[in-house]
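**Q** Give the three-dimensional model of this entry:
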Amino acid sequence: MTRDPIPRWLLAILCVGSAIAITPFLPWVVLALWLGMFAERIHEPLSRLMRGRSRLSATFTVLLFLVIVVPIAALTASLVIDAINLVQGLLASEEAKTVLERLAGGGSDPARPHHDVTSLQGLTDLLMSQGERAWGILKQVAGAAAHVVIGLLILVSGIYGVLVEGKEWFAWFEQHAPFAPATVQRFAAAFVETGRGMAYGIVGAGLIQSIVATITYLVLGVPQALALGMLTLMFSVIPAVGTAIVWIPVTAGLALTGRTGAAVALTIIGIGVIGTVDNLARPYLAKRGKLQLPTYVVLISMFGGIELLGGWGLLLGPLVVRLAKEAILIRSEAIATKDPS
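**A** Alright, predicted model coming up:
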């Protein structure tokens with residue numbers, strides 16, 4: 001009697017168990033794979049300069065990532081908290097007029113120091129104060145959230161692994177996957193496409209808009225300009241009208257507080273610059289990102305993912321939808337091949 005090398009039920013149990021074990025940190029793994037693929041653009045030329053020393057090149061690439069990305073992430077967390085506090089403070093106001101006036105002229109905390117960004121010293125003080133707050137938040141996260149610390153470790157080690165052994169990982173999966181190698185390659189292409197499309201078409205366009213808006217707020221002397229810029233980035237995921245959700249109330253607040261010239265200037269910049277950036281930069285970046293999903297579907301999948309999975313759903317939602325689309329295409333093509341009629 002010939003017995004199977006391994007029973008199907010045992011294989012299913014082990015695969016399901018492995019999936020359950022990985023699931024808590026799956027978003028970190030996905031992010032590590034995406035960032036590792038992007039980091040290859042630095043790793044490969046650096047490896048050639050180091051005469052093929054791939055591991056040493058990967059180490060330098062990961063260190064560069066830590067030096068650049070981690071402080072930016074900490075500063076972003078600081079600004080996100082500022083933005084949330086700003087919105088909560090505005091919602092606490094009972095009258096709409098009061099909300100608009102606080103937003104444009106008195107919405108900041110009086111106890112919080114303000115910095116004159118028109119001078120070098122003022123700009124330095126601003127960066128130092130934000131840097132200290134961001135570092136404090138980073139320490140709190142590292143001290144209080146073991147999950148985040150472990151996630152960061154998985155992220156860094158994953159990026160290193162992709163740079164050093166990524167091709168071997170893919171070759172092994174391609175060989176042992178329960179479907180054809182061509183299918184594996186199509187899923188891999190859709191996976192890379194989603195990460196690139198999110199980075200270029202969604203984050204890239206929103207970042208440009210938020211930078212323009214933040215500079216405008218700073219020049220016009222709007223309180224909490226950095227927090228408002230972060231809100232602009234958050235709302236920029238909504239096509240066409242997203243950023244206007246932020247700058248239109250600020251414009252109204254400026255007008256109500258008697259700063260008519262500033263209100264007119266913000267209106268002109270909002271329509272002529274921020275809106276134009278969205279209309280011009282987003283299609284260009286989306287084309288460069290080549291994400292094969294309609295903007296409306298991406299938006300729904302992002303918000304649906306956030307509703308179901310929290311913040312990580314912003315990334316995982318579009319990824320699942322894009323992979324589902326690819327699976328449908330592969331299945332339909334296979335059926336069409338079997339039955340040409």
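
**Q** how many neighbours does Phe235 have?
**A** 18 (other C-beta atoms under 10 Å). Heads up, the C-betas are built off the backbone N, CA and C, glycines and all.

**Q** so who does it touch?
**A** With contact taken as C-beta atoms under 8 Å, 6 or more residues apart in numbering, Phe235 is in contact with Gly242, Thr243, Ile245, Val246.

**Q** Could you verify my assumption that the first one touches Ile248?
**A** No - applying C-beta atoms under 8 Å as the test, Gly242 and Ile248 come out as separate, 11.3 Å apart.

**Q** So which residues of this protein form helices?
**A** 8-22, 26-49, 54-91, 96-101, 120-144, 146-176, 181-197, 205-220, 225-235, 244-256, 260-269, 275-289, 295-309, 313-338 (DSSP state H).

**Q** mean pLDDT lowest for which of the ones you listed?
**A** Mean pLDDT is lowest for helix 120-144 among these, at a mean of 54.

**Q** Roughly how far does the residue nearest to Pro27 when sequence neighbours are not counted sit from Leu299?
**A** In space, and not counting its chain neighbours, Pro27 is closest to Trp312: 3.9 Å by C-beta to C-beta, 6 or more residues apart in numbering. Computed as C-beta to C-beta, to the nearest Å, the Trp312 to Leu299 distance reads 17 Å.

**Q** And for Pro181?
**A** Applying C-beta to C-beta to Pro181 and Leu299 gives a distance of 34 Å.

**Q** More neighbours: these two, which one.
**A** Leu299 (18 against 12).

**Q** I'd like to know how many residues surround the nearest residue to Ile211 once chain neighbours are set aside.
**A** Ranked by C-beta to C-beta, 6+ apart and with sequence neighbours excluded, the top spatial neighbour of Ile211 is Gly229, at 7.3 Å. Using other C-beta under 10 Å, Gly229 has 26 neighbouring residues.

**Q** Gly229 touches Val212, doesn't it?
**A** No - in this structure Gly229 lies outside contact range of Val212 using C-beta under 8 Å: 9.1 Å.

**Q** related to what we said a few turns ago, can you tell me which of the helices of the chain is most buried?
**A** Most buried of the helices of the chain by mean neighbour count (mean count of other C-beta atoms under 10 Å) is helix 225-235; its value is a mean of 23.

**Q** and the angle for it with helix 244-256?
**A** For helix 225-235 against helix 244-256, the angle by axes from the mean of the first three to the mean of the last three C-alpha atoms, to 10 degrees is 140 degrees.

**Q** Output helix 225-235 as PDB - backbone C-alpha positions only.
**A** Extracted C-alpha coordinates of helix 225-235, given in PDB (Å, rounded to 0.1, in the frame of the first residue of the first chain):
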ATOM      1  CA  ALA A 225       0.400  75.300  10.100                       C
ATOM      2  CA  LEU A 226       2.200  72.000  10.400                       C
ATOM      3  CA  ALA A 227      -0.800  70.200  11.900                       C
ATOM      4  CA  LEU A 228      -3.000  71.700   9.100                       C
ATOM      5  CA  GLY A 229      -0.500  70.500   6.600                       C
ATOM      6  CA  MET A 230      -0.700  67.000   8.000                       C
ATOM      7  CA  LEU A 231      -4.500  67.200   7.800                       C
ATOM      8  CA  THR A 232      -4.200  68.200   4.200                       C
ATOM      9  CA  LEU A 233      -2.100  65.100   3.600                       C
ATOM     10  CA  MET A 234      -4.700  62.900   5.300                       C
ATOM     11  CA  PHE A 235      -7.600  64.300   3.300                       C
END
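
**Q** what's Leu233 in contact with, if anything?
**A** Gly206, Leu207, Gln209, Ser210.

**Q** In terms of distance to Lys167, which of those residues ranks first?
**A** Taking C-beta to C-beta as the measure, Leu207 is the one of the contacts of Leu233 closest to Lys167, at 31.0 Å.

**Q** Now the closest one: closest residue in space that isn't a chain neighbour?
**A** The shortest distance from Leu207 to any non-neighbouring residue, by C-beta to C-beta, 6+ apart, is to Leu233 (6.4 Å).

**Q** Distance of the one you found relative to Ser301?
**A** 19 Å.

**Q** Same question for Ala180.
**A** Distance from Ala180 to Ser301, by C-beta to C-beta: 27 Å.

**Q** same check, this time on Gly206
**A** From Gly206 over to Ser301 (counting by C-beta to C-beta), the distance is 16 Å.

**Q** need the contact list for Val321.
**A** Leu293, Val297, Val298, Ser301.

**Q** swap the cut-off to 10 Å and go again
**A** Going by C-beta atoms under 10 Å, 6 or more residues apart in numbering, Val321 touches Thr194, Leu293, Val297, Val298, Ile300, Ser301, Met302, Gly304, Gly305.

**Q** Quick check: the second one touching Val320?
**A** No - counting by C-beta atoms under 10 Å, Leu293 stays clear of Val320, with 11.3 Å between them.
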